[in-house]
Each structure stands twice: as C-alpha cells, then as structure tokens.
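Asks: mind looking at a prediction? Sequence and model below.
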Amino acid sequence: MTLWIGSLQLGLLYGIMAIGIYISFRILNTPDLTAEGSFTFGLAVSAIVTVSGHPFLGIILAVLAGALAGAVTAFLQTKLFIHPVLAGILTMSGLYSINLWVMGGSSNLSLIGKDTIFKSLQNVFGMDANLAKTVLAVLAAGICVVLLIIFFKTQLGLCIRAVGDNAAMVSASSINVDRTKLIGFCVSNALIGLSGAIIAQYQGYADINSGMGILVVGLASVIIGEVFLGRRGVSMGIVAAILGSVVYRFIIAWATKSSFFPAYMLKLVSAVIVAIALAIPAFKYYKEIRKIKKGGEADA
C-alpha cells in the first residue's frame, strides 16, 4: 500500500512538471528541451535555500529560477533566431554548470534533518509524514490546475494559445509574438522548476542528475493522459497531464514491484511507454485503413 500511496504523491508532484511540458509541447507547439535543466535548477535552488532554513522561500525562488531558464530559451529562439531544439539544448547544457554552482560545487545535497514544507505541515496540523506529503501533493497539483485553467481563459492566455496555433496570423493581429512566446516559456518552465523544488523537499535531497530523462517522463505523462481523456481543449489537457503522470507512476511502481524489470531498465520502460503512446494515432489509422479495405472487398 505504501508503494501505491507514494506513487500517487509522486504522480501529482511530477504532474506539475507534466503541465509545464504540456504548455510547450501542445499549446506553444514547440519541443522545449529546457525542461531537464530547469527542473534541476528549481530543485537545486529549493534545496540550497531550504538548507539555510527557508523552505517556503526556496519554493518561490525555484519558480523564479525556472521562469528565468524559460526566458533564456525564448530569447535564443525569438531574438537570436536559434532553432527551438538547439535553443533548449543550449540552455539545458548551460544550466548544468549553473546548477552545480548553486549547490556549491557538490553533485548531491542532503536535506535530512532540515525543516521542509512537509515538516511544517506536520508541525502545524499534527499530521504524520505520509499524510502531510499526500495533502501537500494534492493541494499543489490542484492549485496549479485551477490557476492555469483560469489563466488560459484570460486575454493573455488566449494570446499564448493563438501563438501556438498560428503565429503568423497572430502577428498580423498586432500581437507581439515574441513577448507572448517569452511569457509562455516562462510559465512552462516556472511550473517545471516548481515541481523540482517540491520534489527536492519531498525526497530529502537534491542531485545534479535528478533532471536526467525528465522530458521523457513529462511527455509520457501528457500522452498517457490524452489517451484517457483525449485532446479536448486546454483545460482538459491540463487535467490530462496530471492524470497521465499519476498513471505513469503507477505503471513504474508495478514494474518495480513485479521485479520483471531490473531497476536499471526503468528508463527503457519509460521510452517504450512514450513510443507506444505516440504510436496510438498510427494504430488507429491502420485500423481504419483495414476497415476500409475489408469494406471494399465485401462490396466487390
């Protein structure tokens, strides 16, 4: 039972990161590889500030750090005309050194014995550790979902959606496309940084390699969520990202518990999950083609 509750908690917390991936991947229609760097950036900032005794400030600064990473990627794309994929790679590569600098040159930073947002909740409300983690995970994911659904119904949010749909048309409508993209990438990576910040305090340590493969995890969550809920608008897409993240964590928990896959195979399992989820439209297409062919043969 503990394994499944832990998977739910992680699914909700990583779901915040999945929403950030959804914003760049689906709404802005841009493959943003900054995620692996901005996730670790948020994680590192949160950890170092928490060690100094300010866990809540660590969360706020991590969100700003993630937004800054997104702004750098947006600047490289919009002002220096660097290809989106290369811009993300450049930012991600640069952040590796910055993250090490933030963590004082150490690749690992322990938070054991330090006050975290989870311990604060335990102390204030007298909860046990597991309940505090569950409550905070639900609250964090729920607040993000509600705020983002509201945000993408505002004029600015609708502009970001329009830029992803057709940037040329938006430009002709006197909307500043570059600024709108900048805001979109800042929001996306701020969420990814927030996820990393909470994960650092959740697991009690920060590791420089924590963001490795996080983009695959985010994409898997987004696509799995869309398999269950479909692609029916931004609001549903945000909810689907959270749902997909939880389902993904349950799949990983099952793979771990079953001992069918050794621990070092989990990255491969993640890649296979993403590949299968991405291939679902192709499977549906081939299925329709077979139906048409069978119908034609029956008529003949």
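Replies: Yep, that arrived.

Asks: strands of the stretch 51-200 of the chain, residue ranges please.
Replies: 108-110 (DSSP state E, counting those that start in this stretch).

Asks: could you list the low-pLDDT ranges of the stretch 1-150 of the chain?
Replies: Along the stretch 1-150 of the chain, the parts satisfying pLDDT under 70 run over 1.

Asks: if we go to 80?
Replies: 1-3 (pLDDT under 80).

Asks: quick one: the helices in it?
Replies: 2-22, 35-51, 55-78, 84-102, 117-125, 129-151 (DSSP state H, counting those that start in this stretch).

Asks: distance from the first one to the middle of the chain?
Replies: Distance of helix 2-22 from the chain centroid (CA atoms, centre = their mean, to the nearest Å) equals 9 Å.

Asks: report the angle between it and helix 55-78.
Replies: 40 degrees (axes from the mean of the first three to the mean of the last three CA atoms, to 10 degrees).

Asks: repeat for the fourth one
Replies: Interaxial angle, helix 84-102 versus helix 55-78 (the same axes, to 10 degrees): 150 degrees.

Asks: what's helix 84-102 packed up against?
Replies: helix 35-51, helix 55-78 (3 or more CB pairs under 8 Å, 6 or more residues apart in numbering; DSSP states H and E). Any C-beta I mention is one placed from the backbone N, CA and C, and that applies to glycine too.

Asks: same deal with the second one?
Replies: If contacts are counted by 3+ CB pairs under 8 Å, 6+ apart, helix 35-51 sits against helix 2-22, helix 55-78, helix 84-102, strand 108-110, helix 177-203, strand 205-207, helix 214-229.

Asks: now those in a markdown table, with distance to L147 and mean neighbour count?
Replies: Shown next, in a markdown table, are the helices and strands packed on helix 35-51 (distance: least, CB to CB, whole Å; neighbours: other CB atoms under 10 Å):
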| stretch | distance to L147 | mean neighbour count |
| --- | --- | --- |
| helix 2-22 | 10 | 23 |
| helix 55-78 | 12 | 23 |
| helix 84-102 | 25 | 19 |
| strand 108-110 | 29 | 15 |
| helix 177-203 | 10 | 26 |
| strand 205-207 | 26 | 22 |
| helix 214-229 | 18 | 23 |
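
Asks: okay, these in CSV with distance to V45 next?
Replies: What follows is the helices and strands packed on helix 35-51, written out as CSV (distance: least, CB to CB, whole Å):
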stretch, distance to V45
helix 2-22, 15
helix 55-78, 5
helix 84-102, 6
strand 108-110, 11
helix 177-203, 7
strand 205-207, 9
helix 214-229, 16
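
Asks: list phi and psi for I112.
Replies: Note on I112: backbone dihedrals following degrees, to the nearest 10 are phi -60, psi 130.

Asks: ok, the closest residue to it other than its chain neighbours to F81 distance?
Replies: Spatial nearest neighbour of I112, chain neighbours left out: G204 (5.4 Å); criterion: CB to CB, 6 or more residues apart in numbering. Distance of G204 to F81, computed by CB to CB, to the nearest Å: 43 Å.

Asks: more crowded one of the two?
Replies: G204 (15 against 8; other CB atoms under 10 Å).

Asks: ok, that one touching S110?
Replies: Yes - if you go by CB atoms under 8 Å, G204 and S110 touch, sitting 7.0 Å apart.
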